[in-house]
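Visitor: Let me see the structure of the following:
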Amino acid sequence: MRLLIVNGPNLNLLGLREVSVYGSHDYATLMRQVEEYASARGVQTAFFQSNHEGAILDYLQSHYKEADGIVINPGALTHYSYALYDCLKALPIPAVEVHLSNIHEREPFRKISVIRDACIDQISGKGVASYFEGIDRIRRDRQP
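Guide: Now for the predicted structure:
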């Protein structure tokens, strides 16, 4: 099984931005933990992060055929990107939306996810374990 692990705007600033919300680990540490978790379960991962909506769409459209599913932390795109929603709906593989923080307990605008209905699940508020659960959710979905 191969999964695309896609991260949106400002995830590259982990460890610098709002440490009380997102923790002190940097992006490289987060991705290493995700890769180790996936690898221990026989899952290959391909990572991509961009601060640009179009780059994320291009990546998904160009690489979905190489994958069995998508674990995506869209960052702020969660709250307004109908283009990302349309892209995820169009792709014939499952996606799980993940967030490090609990978006339902933060500012009012963060409670809204316009991509939720394009995904098979949404997991938030569990730090790196949100990614772990996302990986496991797709593994369950893709079992015969």
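Visitor: Where do the strands of this protein begin and end?
Guide: 2-7, 44-49, 69-73, 95-99, 121-124 (DSSP state E).
Visitor: Which secondary structure elements does the last one sit against?
Guide: This points to strand 121-124. Strand 121-124 is packed against strand 95-99, helix 128-142, with contacts defined by 3 or more Cβ pairs under 8 Å, 6 or more residues apart in numbering; DSSP states H and E. The way it works is simple: take the backbone N, C-alpha and C, and place the C-beta from them, glycine included.
Visitor: Kindly recompute the last result at 10 Å.
Guide: Here strand 121-124 touches strand 69-73, strand 95-99, helix 128-142, going by 3 or more Cβ pairs under 10 Å, 6 or more residues apart in numbering; DSSP states H and E.
Visitor: To residue 115, which of these lies closest?
Guide: Between residue 115 and these, the shortest gap by Cβ to Cβ is with strand 95-99, which sits at 5.9 Å.
Visitor: and that closest one, how far out from the chain's middle?
Guide: 4 Å (Cα atoms, centre = their mean, to the nearest Å).
Visitor: angle of it against helix 128-142?
Guide: Strand 95-99 and helix 128-142 are oriented at 170 degrees to each other (axes from the mean of the first three to the mean of the last three Cα atoms, to 10 degrees).
Visitor: Now do the buried residues in strand 95-99.
Guide: Of the residues in strand 95-99, 95, 96, 97, 98, 99 count as buried by neighbour count, 16 or more other Cβ atoms under 10 Å.
Visitor: Please apply the same query to stretch 33-44.
Guide: Those would be 33, 34, 35, 37, 38, 43, for stretch 33-44 by 16+ other Cβ under 10 Å.
Visitor: Tell me the pLDDT of the second one.
Guide: Model confidence at residue 34, given as pLDDT, is 98.
Visitor: Not counting sequence-adjacent ones, nearest residue to it?
Guide: Nearest residue to residue 34, sequence neighbours excluded (Cβ to Cβ, 6 or more residues apart in numbering): residue 131, at 4.7 Å.
Visitor: try the last one
Guide: Take residue 43 and drop its neighbours on the chain: the residue closest to it by Cβ to Cβ, 6+ apart is residue 1, 4.9 Å away.
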